[in-house]
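J.: Got a predicted structure here, sequence first:
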Amino acid sequence: MDPYEALDRIVYLLDRRLDEGRRVRAYANARDIVAELDADELLARHRDRTLTELTGIGPATSAVIAEALDGKTPKKLVELEATNPVDVGEGAELRAALKGDCHLHSNWSDGGAPIEKMAEAARALGHEYMVLTDHSPRLTIAHGLDPERLRRQLDVIEELNGRWEDFRILTGIEVDILTDGSLDQDEDLLDRLDVVVASVHSKLSMDAKEMTQRMVMAVASPHVDILGHCTGQKVPGHQRQIGKSDFAGRVGSSFDAEVVFAACARFDTAVEINCRPERQDPPDHLLALALEWGCQIAIDTDAHAPGQLEWQPFGCDKAARHGVTPEQIVNAWDADTLVEWAGSHASG
Ligand SMILES: [Zn+2]
Ligand SMILES: [Zn+2]
């Protein structure tokens, strides 16, 4: 077994179970060091037991490298492969119907992997497309893309898309809904993108009436196709996966859900089921309301790493419990249908 492949797969599996960031970074760092290292030097260091003398290689990561070089499957890898937290239940049929993922991030904003690595992972899951939705400029903490960087990203995507016959990267953004309901990106750029996800990330605790106006403004925008994680809640109960024993969660924002979902239905903006284990947004009562209003649904992972692209079953199980059918899910459509639908908003 190749040490690089072993470490890379461990990173994937740690991300899949939403392990602690610093642990993921330790393995990713070791993987990158191995990639740079000459194969002979790696073997010599293994023989002389001096792997840990390399900055960034510790006891755990050196054990993986050593086992791989000895021709064994590293114990850490065996253990991680054996625990899959994303078994699909009642949502199996919906999961099988999904053709893509409309909300995910690369290392251009706050994701952990390059665009092509996210694409390869999405393709390996059987997706026909993914919409790349990195953050918008004012989310500086997440390295949001200013217009200049977003334009450059569009060129990169165009080039990458020459690689696959059976897979496409659609252009997109997770645009921040600013406090006044306006969108955090230039109009002409929003117009150019295939799919626009709009989300609230700041001032979640604002007055419910103001929050309702803020969200309706965004939902009604001809640029916006999908309303991302509508409440912004973070649920407790993922201590093991998150690795923080004191994770108490975060209460979501308050808004008049009847008005917001009525607007989603009226302006044909899909409501996202965000599959992230710590988000699980919208909560059940709000999803029921969105469906009562006849809203379209998007089942998205909001993945920030390749392994997290596997999280769709969490949202599919929830959708199935609410009786959602594939026809209601925008990412169960093929890429052309999705892009045409999204484009029909922009033209009025
Ligand atoms: Zn977000
Ligand atoms: Zn996101």
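T.: Nice, I can see it. These numbers were taken from a predicted model, which means no experiment stands behind them. Ligands and ions are numbered 1, 2, ... in the order given.
J.: who's in contact with the most centrally placed residue in the chain?
T.: By CA atoms, centre = their mean, the mean C-alpha position of the chain lies nearest to residue 303, the distance being 1.9 Å. Residues in contact with residue 303 (CB atoms under 8 Å, 6 or more residues apart in numbering) are 101, 104-105, 111, 118, 309, 311. Every residue, glycine included, has its C-beta placed from N, CA and C.
J.: Got the phi and psi for it?
T.: Backbone torsions for residue 303, taken as degrees, to the nearest 10, come to phi -70, psi 140.
J.: That one and residue 287: what is the separation?
T.: Taken as CB to CB, to the nearest Å, the spacing of residue 303 relative to residue 287 amounts to 20 Å.
J.: Ok, residue 32 next?
T.: With CB to CB as the criterion, residue 32 and residue 287 are 40 Å apart.
J.: So which of those two has more stuff around it?
T.: Under the neighbour definition other CB atoms under 10 Å, residue 32 and residue 287 were set side by side, and residue 287 has more, 24 against 15.
J.: what's the distance between the more buried one and residue 93?
T.: For residue 287, the distance to residue 93 under the criterion CB to CB works out to 18 Å.
J.: contacting residues for the residue nearest to residue 111 when sequence neighbours are not counted?
T.: With CB to CB, 6 or more residues apart in numbering as the criterion, residue 111 has its nearest non-adjacent residue at 3.6 Å, and that residue is residue 105. If a contact means CB under 8 Å, 6+ apart, then residue 105 has 111, 132-135, 142, 174, 302-304 as its contacts.
J.: Among those residues, which are located in strands?
T.: With strands defined by DSSP state E, the entries of the contacts of residue 105 inside them are 132, 174.
J.: out of the contacts of residue 105, which are buried?
T.: 111, 132-135, 142, 174, 302-304 (16 or more other CB atoms under 10 Å).
J.: filter the residues you listed down to the ones close to ligand 2.
T.: Intersecting the buried ones among the contacts of residue 105 with the surroundings of ligand 2, defined as CB under 5 Å from the ion, gives 174, 302.
J.: If we only consider the buried ones among the contacts of residue 105, which is nearest to residue 235?
T.: Distance from residue 235 was checked for each of those by CB to CB. The minimum falls on residue 302, at 14.0 Å.
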